[in-house]
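Asker: pasting the sequence and the predicted model now:
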Amino acid sequence: MSAVEREYNHMVGQDPYAVPLEDYDVSQSQLFQTNTMWGFFDRLRKEDPVHYCKDSEFGPYWSVTKFSDIMEVEANHEVYSSEPTISVVDPEEDFDVSMFIAMDEPKHGDQRRTVQGVVAPTNLARLEPLIRQRVSEILDSLPVGETFNWVDRVSIELTTQMLATLFDFPFEDRRKLTYWSDLATTRPEPGALVESREERRRILIEDCLGTFTKIWNERVNAPPSNDLISMLAHGESTRHMQPFEFLGNLMLLIVGGNDTTRNSLSGGVLFLNENPDQYDKLRNNQDLIAKMVPEIIRYQTPLTHMRRTATQDTILRGKKIKKGDKVVMWYVSGNRDDEVIERPYEFDIDRERPRHHLSFGMGIHRCMGNRLAEMQLRLAWEEILKRFRTVEVVGEPVRTDSNFVKGYLDLPVRVHPW
């Protein structure tokens, strides 16, 4: 670990009450990799729910940790702008990849509407039999009696096949989509997937943008069709995008279409193993899948945060936020707020209001593919329960080293048929 990393990981392994509040920095990725961030967010919600971090690896920022305050920020997009980016990490000056989630109105709405049709109810109904077929094929290929990585064999494979369909991307090259998604969200450091920002930039421009530019050129010269690239190529508000804006929207659609479902599908297996009473309840009443799916998404919270930037001086819960300040909404904390969610640390597949969570965001930037994510998870669990009495976790999960994507690299399991 470098000196910079040591300096900015001072909370890892510490008692939340041993670190002074003024020294809190919950953007440290190793807190999420070690799954030890919970106590720090609990203390912030109780003692300083709108907290100013004066110094971090990413500069100073405000943390908003309570459900109601996050809702207030989400609702006020005139004061809290999505530009220039939606992560606590600032964009690289010479690699500014615009994406519609990091835009304000009217451009955000215009570009979002261009691709929204891919997740319209009629299209989801059309996709459902295909997703079920693919889930079935993936589950039928699993090695009974052997230990394998659920993340790779099931979670990644299912979501990558779905992405390839939405993009009408060459199916045999679909794992490139996983690679580019991981590349965009992984922290560059020696020994990691990518070692430097420069290397990441080169791969995304030459490989990802290069590949999709060829696809764009094919689609723009063909009649409009029902895939995301054709929609972008023919859309009035997107057809004249500059290359980096095209790349930015690609990364948004790839990461957004991948990480929520992929990490919730892994998380659900883990949570049922950690809560065997809930697994028994599910086996005895498979109608609970419909409620369990949003509970998994709440409990997992696949994206830890979204960031806004103040467009003017304002006040939030008595704190004076200045124009230009970063304001980070920690969804992962809001989803554990016991003033809004009863028994938030309990995984309960029979909650009364299971969709009352922040994992998809709120307001104009609410996740476009939320119903597709829920449908994939529902179909996956319907097919899992047809085949396996138990998906047994047989080792510790390996979590991602990221303060943005809360997910898994490895979840060792064995499957046990009925």
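Answerer: On my side now, so go ahead. Numbering: from 1, shown residues only.
Asker: which regions of the protein sit below the pLDDT cut-off?
Answerer: Confidence mapping of the chain against pLDDT under 70 gives the ranges 1-8, 92-119, 364-366, 368-369.
Asker: chain center to the longest helix out of those in it: distance?
Answerer: Determined from DSSP state H, the single longest helix within the chain is helix 243-274. Chain-centre distance of helix 243-274: 5 Å, with Cα atoms, centre = their mean, to the nearest Å.
Asker: CA atoms only: put the following helix or strand past that helix into PDB for me.
Answerer: Where DSSP states H and E defines the elements, the next helix or strand beyond helix 243-274 is helix 276-284. Extracted as PDB, the C-alpha positions of helix 276-284 are listed here (Å, rounded to 0.1, in the frame of the first residue of the first chain):
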ATOM      1  CA  PRO A 276     -31.400 -19.900   7.000                       C
ATOM      2  CA  ASP A 277     -34.900 -19.200   8.500                       C
ATOM      3  CA  GLN A 278     -35.600 -17.000   5.400                       C
ATOM      4  CA  TYR A 279     -34.300 -19.700   3.100                       C
ATOM      5  CA  ASP A 280     -36.700 -22.200   4.800                       C
ATOM      6  CA  LYS A 281     -39.500 -19.600   4.400                       C
ATOM      7  CA  LEU A 282     -38.700 -19.200   0.700                       C
ATOM      8  CA  ARG A 283     -38.600 -23.000   0.100                       C
ATOM      9  CA  ASN A 284     -42.000 -23.400   1.800                       C
END
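Asker: buried ones in whichever helix or strand comes after helix 276-284?
Answerer: Counting by DSSP H and E, the next helix or strand C-terminal to helix 276-284 is helix 289-300. Residues of helix 289-300 classed as buried by neighbour count (16 or more other Cβ atoms under 10 Å): 289, 291-300. From N, CA and C alone the C-beta is placed, and that goes for glycine too.
Asker: still on that earlier bit, buried ones in the longest helix of the chain?
Answerer: Per 16+ other Cβ under 10 Å, helix 243-274 contains these buried residues: 244-273.
Asker: got it, and stretch 169-183?
Answerer: Result for stretch 169-183 [16+ other Cβ under 10 Å]: buried residues 169, 174, 176-178, 180-183.
Asker: so what's the one residue sitting closest to the centre of the chain bridging to?
Answerer: Taking Cα atoms, centre = their mean, the centroid of the chain lies closest to residue 303, which sits 3.6 Å from it. Applying DSSP bridges to residue 303 gives these bridge partners: residue 405.
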